[in-house]
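*Asks:* 3D model of this:
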Amino acid sequence: MTAVQNTLQDVMQKADTVFPDQVTPVMNKRKNEFIRFGKRANEIEKRKNEFIRFGKRKNEFIRFGRSDPELQNDDLNTIGIDDMFLMNACWDQTSNALTVPERMSKTLSHAGVAVTITNITDIMSFAIGCFNFREGLNPGNLVTNDHYIAKYFADIKHFLKIGPQLHVAILNPPDLTQLAEREKVLNVVEAFENTTYTLGREGTVFFMLEYLNYLNDLNVDVDGSAKLWDAKLYSWIKNTGGSTQWNSNIRINETSRTIEAFRFQVAMKDFVEPNDHKQAAKLLREIADRQPFNITIYHEAFPFADQYLIILPATIQNVAISLLCMTIVSIMLVPSLPSGFVIFCSIVSINIGVFGFMTLWGVNLDAVSMISIIMSIGFAVDLSAHIIYAFVTSQGDTKDRVIGALKTLGWPIFQVSNNLKSFIINILLRELLLQLREYPFYIQWMLTLF
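*Replies:* Numbering: from 1, shown residues only. Alright, predicted model coming up:
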């Protein structure tokens, strides 16, 4: 720019010598316009460099493959982007003749309430989350596909189709010398065997069933004497070929030789996917609660199933809290009760859309997708508050107010809606084969956020 300005000054000096009265005023005017244009070009170049540096940092963030908590921190850093676009639009609508404090006051007077609504809502929602922090994540999403444990998670699904053992512990056993009590125990076993997730009698390991088979082989009347279920049973448990296994399944009081607690195993089937774990845990626990004895059941997948059982109520609770916070703040700061109701309906509509697309894309509801749901809803909620406030504060009839609101916020909304999508599309195109192949949870994050 300096070389061009020097050349322009040389031309002006020569022209001023030849045509001092005609050329000089025009050239001075053009000179001032050119200088102003140069300053604006320098400012644009400066902003472009800043944007490029920001883009490089985003690319580095994806290239380094940071862990999921840091991924969510980057989401938090982008919450105020829409507020920035809105304030820039309000600033551009002020007169250039005003001083900076005057332009800033007019900008904040117009955009301040909308920005305050969204920020107070974010603060309230995040504060509630800080006091109710819970951990829970499927470990299969935390490793790369070429990691050795990833192959373990893939191979174990073949063994979960049929055969995994459900452990059922009877902590308050009845008196087995009584026929009626023994029948109750067998009814408990049958209740666990006859479900959609259990294999049946052929997959059950229970000392009582084996003992009955032993007595039948001896042609003994199993109901004839109580001694068969007292001293004889104790001797069989201690001296049979399977005594090692029975010792780990039965707790016996050596003084009174009575059984204090015991357990049996039931083989399971169709226990492959996380949803199967959740449904099986829920069904089998309901069966255990209906039995007359104090029964506890366990499987290695049940701790993860507990997360799946609470993830939907937790998501609904988080969404409900966001709705409540947003509605209260909107009604307090927007001078229109119907407008607050419109904001509420807009949030509900966004929630339905996000959940619907998750089902369409096959994204499971887990801790990662739940956080992304809340974040993706937050971006759109801000726009709802801005549009409603702009409509309420506009002048004229309904049509004029709609035009005024869209005129004020049309360009900022366009920028906000395309900013994140353009970033995601860029990453999908550039890093699909590199990062998404290695980190499966990036796919869930990007789909729910998109």
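*Asks:* Count residues in the vicinity of residue 389, would you?
*Replies:* Residue 389: 29 surrounding residues under other CB atoms under 10 Å. From N, CA and C alone the C-beta is placed, and that goes for glycine too.
*Asks:* Please confirm that it is located within a strand.
*Replies:* No. Looking at residue 389 with DSSP: H, G, I helix; E, B strand; the rest coil, it is helix, so not inside a strand.
*Asks:* Give me the nearest residue to it, chain neighbours excluded.
*Replies:* Counting by CB to CB, 6 or more residues apart in numbering, residue 114 is the residue found nearest to residue 389 once chain neighbours are left out, at 4.3 Å.
*Asks:* just checking, that neighbour touches residue 386?
*Replies:* Yes. Using CB atoms under 8 Å, residue 114 is in contact with residue 386, at 4.5 Å.
*Asks:* Now list whatever residues contact both of these two.
*Replies:* Counting by CB atoms under 8 Å, 6 or more residues apart in numbering, the residues touching both residue 114 and residue 386 are residue 86.
*Asks:* so residue 263, which of the three states?
*Replies:* strand.
*Asks:* One more: residue 163?
*Replies:* Classified using three-state DSSP, residue 163 is strand.
*Asks:* tally of neighbours for it?
*Replies:* 12.
*Asks:* Same question for residue 292.
*Replies:* Considering only other CB under 10 Å, residue 292 is surrounded by 12 other residues.
*Asks:* Kindly report the same for residue 185.
*Replies:* Neighbours of residue 185 (other CB under 10 Å): 20.
*Asks:* Against residue 212, how distant is the closest residue to residue 268 other than its chain neighbours?
*Replies:* For residue 268, ignoring the flanking residues on the chain, the nearest one in space by CB to CB, 6+ apart is residue 164 at 4.8 Å. Relative to residue 212, residue 164 is positioned 25 Å away (criterion: CB to CB, to the nearest Å).
*Asks:* Looking at those two now, which is surrounded by more residues?
*Replies:* More crowded of residue 164 and residue 212, by other CB under 10 Å: residue 164, with 22 against 15.
*Asks:* for that one, what are its contacts?
*Replies:* Counting by CB under 8 Å, 6+ apart, residue 164 has contacts 267-268, 271, 299-301.
*Asks:* Filter these down to the ones in strands?
*Replies:* Using DSSP state E, the members of the contacts of residue 164 that fall in strands are 267-268.
*Asks:* What is the nearest of the contacts of residue 164 to residue 338?
*Replies:* Closest approach to residue 338 among these (CB to CB): residue 301, at 49.3 Å.
*Asks:* Give the helix, strand or coil label for the residue lying closest to residue 261 once chain neighbours are set aside.
*Replies:* Counting by CB to CB, 6+ apart, residue 261 lies nearest to residue 251, which is 4.6 Å off, once chain neighbours are set aside. Under three-state DSSP, residue 251 falls in the strand class.
*Asks:* Make 47 the first number, not 1, from now on.
*Replies:* Understood, numbering begins at 47; the last thing we discussed is residue 297.
*Asks:* I'd say residue 297 and residue 308 touch.
*Replies:* Yes. At 7.0 Å, residue 297 counts as touching residue 308 under the criterion of CB under 8 Å.
*Asks:* quick one, which of these two is more surrounded?
*Replies:* Taking neighbours as other CB under 10 Å, residue 297 and residue 308 compare with residue 308 leading, 21 against 14.
*Asks:* need the contact list for the more buried one.
*Replies:* Contacts of residue 308 (CB under 8 Å, 6+ apart): 215-216, 219, 253, 295-297.
*Asks:* and the residue lying closest to residue 240 once chain neighbours are set aside, how many neighbours?
*Replies:* What sits nearest to residue 240 in space, not counting adjacent residues and going by CB to CB, 6+ apart, is residue 246, at 7.3 Å. Residues lying near residue 246 (other CB under 10 Å) number 13.
*Asks:* hmm, back to that, could you tell me which of the contacts of residue 210 count as buried?
*Replies:* Buried by 16 or more other CB atoms under 10 Å: 313-314, 317, 345, 347, out of these.
*Asks:* Please produce a markdown table containing those, extended by pLDDT and distance to residue 276.
*Replies:* Output for the buried ones among the contacts of residue 210, formatted as a markdown table (pLDDT from 0 to 100; distance: CB to CB, whole Å):
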| residue | pLDDT | distance to residue 276 |
| --- | --- | --- |
| 313 | 90 | 30 |
| 314 | 89 | 33 |
| 317 | 83 | 38 |
| 345 | 90 | 33 |
| 347 | 84 | 38 |
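*Asks:* ok, back up a step: of the contacts of residue 308, which is the nearest to residue 363?
*Replies:* Using CB to CB, residue 215 comes nearest to residue 363 of the contacts of residue 308, at 32.3 Å.
*Asks:* isn't that closest one right next to residue 334, touching?
*Replies:* No. Counting by CB under 8 Å, residue 215 stays clear of residue 334, with 9.6 Å between them.
*Asks:* Pull up the per-residue confidence for residue 334.
*Replies:* Residue 334 is assigned a pLDDT of 92 by the prediction.
*Asks:* so where does it fall, helix or strand?
*Replies:* helix 320-336 (DSSP states H and E).
*Asks:* Can you name every helix or strand that that helix contacts?
*Replies:* Applying 3 or more CB pairs under 8 Å, 6 or more residues apart in numbering; DSSP states H and E, one finds that helix 320-336 contacts helix 225-239, strand 341-344, helix 348-379.
*Asks:* Select from these the stretch with the lowest mean pLDDT.
*Replies:* helix 348-379 (a mean of 79).
*Asks:* Okay, angle between it and helix 320-336 too, please.
*Replies:* 100 degrees (axes from the mean of the first three to the mean of the last three CA atoms, to 10 degrees).
*Asks:* Tell me the buried residues in helix 348-379?
*Replies:* Applying a neighbour-count criterion of 16+ other CB under 10 Å, one finds 348, 350-351, 353-355, 357, 360-361, 364-365, 367-369, 371-373, 375-377, 379 buried in helix 348-379.
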